[in-house]
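Chemist: For reference, the sequence and a predicted model appear below.
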Amino acid sequence: MSSISQVERSLKYILEERANVLARETGCIERQRKFSGADLLQTLVFGWLSHPEASLEMLASVATLRQVEVTDTAVHQRFTQACAHFLHAILEEMTSVVVDADRQVPLELVNRFASVVLEDSSTVALPNELVTCWQGCGGAPGEGHAAIKLHVRWELKRGSLQGPKLTHGRTSDRSSPFKEEPLPAGSLYIADLGYLDWGSIAARRAAGSYTLTRAQARTLYWTVEGKPLKLDPLLPPQVGQTNELWVRVADEYRYLMRLLIIRVPEEVAKRRRADLEAEALRRNRPLRQRAWELADWTILLTDAPAHLLRLQEALVLLRERWQMEMLYKLWKQYGRIDEWRTGSLWRILCELYAK
C-alpha cells in the first residue's frame, strides 16, 4: 500500500468503524454511555502517543477532543481484561496495514534481489503475575516469568514494515510468526543468529531465495566433497584480510554455502569480548569460550553466489540491522512501551497495546 490516501482510509476505518465493532465483540463496551469503542481507543492511543507518561487526568483531557467528558476515575475503570483484549485485537488489525514506498530505492545492490528482508525481535518484560497471559523464559528466582516478544520484518527495497507480531517471551526466534510466510523468488533474507535454522535456509533456497547470516561459533564445516574441514587454518591473520570458499555446513543437512571471513580491527574484537562478558554475567552462564576465540573475525554464511553478493556487500547489508535496533529503541526510549505508572495488571497490558 503506497498511497497516503489509501493508508488514511484504512487507519480511519480501523480507528472508527472496526473499533466500535471490536469493542462490542470483546465485551469492552457493552452499553455505550459516554465512551464508544472509537472514543476509548483514540483517547488511549493519542493520549499516550502525545505523552508516554500521561496520567489518568491527562487521558481524561484527551477524551474531551472527542467531545467526551469523563473523570480520571472513569478512565481508570476502563482498564479491564475486556479492554486489554479489545486493544490487542485493534493492534493486530492496525499492523495488517503494510505501507510500501511507490518506488524502489535506486541502489543497485538491493535491486539485484526481488526483495531484501531483515527480521528481528525484541522482548518486553512484564510483572510475573501476567504469566498466565504472556510467558517469559524465567531467569533469576522470581523474575522473568512473564514477557512479550515483538517480531518485525523490514523490507529494504520499498521500506515496508510487517509487525510487530506478538508472541510469548519464551518463543524462540526460530519459531517466528513470520516463519511460514513465503518470500518472492529471488529474495535475500537476513537475520541474526537466533533465527539460524538450517531447515528453513534449505527451504528458502528450494523456493528460489537466498539467506545471509552470521555463523555460529560452534558451526561444523566440511569441504564440498564432504570431508571434515577445520576453521582455524582458514582464518586470515592480518586485519582487513579476507577468505572465501564454498563449504558444507550443518551435520544433518550438509548444506552448501559460501563461507566469508574477514579479520576485524582490535577495537572491534574488544567490544565483542566485552559484550560476551556482559551477556554471560546477565544470563548467569559461563563465558562462551569459542565465541571469545573467534571475536577477531567476522564470519558469514550465504547461499547467494558471488556475482549477486560479494563479501564487502554482505557486510554492508548486514549492518542495516542497526536500523531495526533503532526501531526498538524508538518504541522503548521514546514511546515508553515498556514503562507504566501503575501496578494494575490489566492497565499495564492496556497501556502496552495502546502504545
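Modeler: Ah, there it is.
Chemist: Give me the three-state assignment for Asn111.
Modeler: helix (DSSP: H, G, I helix; E, B strand; the rest coil).
Chemist: let's have the chain start at 57 instead
Modeler: In the new numbering, first residue 57, that becomes Asn167.
Chemist: give me the element the closest residue to it other than its chain neighbours is part of.
Modeler: Among residues not flanking Asn167 along the chain, Gln160 sits closest, at 6.2 Å (CB to CB, 6 or more residues apart in numbering). C-betas here are computed from N, CA, C, even on glycine. Using DSSP states H and E, Gln160 sits within no helix or strand.
Chemist: Surely Gln160 touches Ser216?
Modeler: No: applying CB atoms under 8 Å as the test, Gln160 and Ser216 come out as separate, 11.1 Å apart.
Chemist: before we move on, back to that, and the residue nearest to Asn167, what does it touch?
Modeler: Residues near Gln160 by CB atoms under 8 Å, 6 or more residues apart in numbering: 166-167, 213-214.
Chemist: Between all of the residues you listed, which two are separated the most?
Modeler: Across those, the longest distance by CB to CB is 11.0 Å; it joins Asn167 and Arg214.
Chemist: Show me where the protein dips below the pLDDT cut-off.
Modeler: 57-59, 88, 194-199 (pLDDT under 70).
Chemist: hang on, the earlier thing: and the residue nearest to Asn167, how far from Leu115?
Modeler: 41 Å (CB to CB, to the nearest Å).
Chemist: For Gly250, see how far away the residue nearest to the spatial centre of the chain is.
Modeler: Residue closest to the mean C-alpha point of the chain, counted by CA atoms, centre = their mean, is Ser177 at 2.7 Å. In this view, Ser177 and Gly250 are 7 Å apart by CB to CB.
Chemist: which neighbours do these two share?
Modeler: Shared contacts of Ser177 and Gly250, counting by CB under 8 Å, 6+ apart, come down to Asp229.
Chemist: Arg260 - how many residues pack around it?
Modeler: By other CB atoms under 10 Å, 20 other residues sit near Arg260.
Chemist: Tell me if it really is in a helix.
Modeler: Yes: counting by three-state DSSP, Arg260 is part of a helix.
Chemist: Mind checking what secondary structure Val372 has?
Modeler: helix.
Chemist: With adjacent residues omitted, what lies nearest to it?
Modeler: Excluding the flanking residues, the one nearest Val372 by CB to CB, 6+ apart is Leu165, at 7.0 Å.
Chemist: residues contacting that neighbour?
Modeler: Contacts of Leu165 by CB under 8 Å, 6+ apart are 369, 372-373.
Chemist: repeat for His132
Modeler: 112, 403.
Chemist: if you set the cut-off to 7 Å instead, what comes out?
Modeler: When contacts are counted by CB atoms under 7 Å, 6 or more residues apart in numbering, His132 touches Leu112.
Chemist: For it, give me phi and psi.
Modeler: phi -60, psi -40 (degrees, to the nearest 10).
Chemist: gap between it and Glu407?
Modeler: 12 Å.
Chemist: For Arg338, the count of nearby residues, please.
Modeler: Residues within reach of Arg338, counting by other CB under 10 Å, total 9.
Chemist: What residues sit buried inside the helix or strand containing it?
Modeler: In this assignment (DSSP H and E), Arg338 forms part of helix 322-339. Across helix 322-339, burial judged by 16 or more other CB atoms under 10 Å covers 325, 328-329, 332.
Chemist: need those residues in TSV with distance to Val173, can you?
Modeler: Formatted as TSV, these follow (distance: CB to CB, whole Å):
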residue	distance to Val173
Ala325	29
Arg328	26
Arg329	31
Leu332	28
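Chemist: So which of the residues you listed is the closest to Leu386?
Modeler: Of the buried residues of helix 322-339, the one sitting nearest to Leu386 (CB to CB) turns out to be Arg328, at 25.3 Å.
Chemist: Let me know the secondary structure of the nearest residue to the closest one once chain neighbours are set aside.
Modeler: Nearest residue to Arg328, sequence neighbours excluded (CB to CB, 6+ apart): Ala351, at 4.1 Å. The three-state label given to Ala351 by three-state DSSP is helix.
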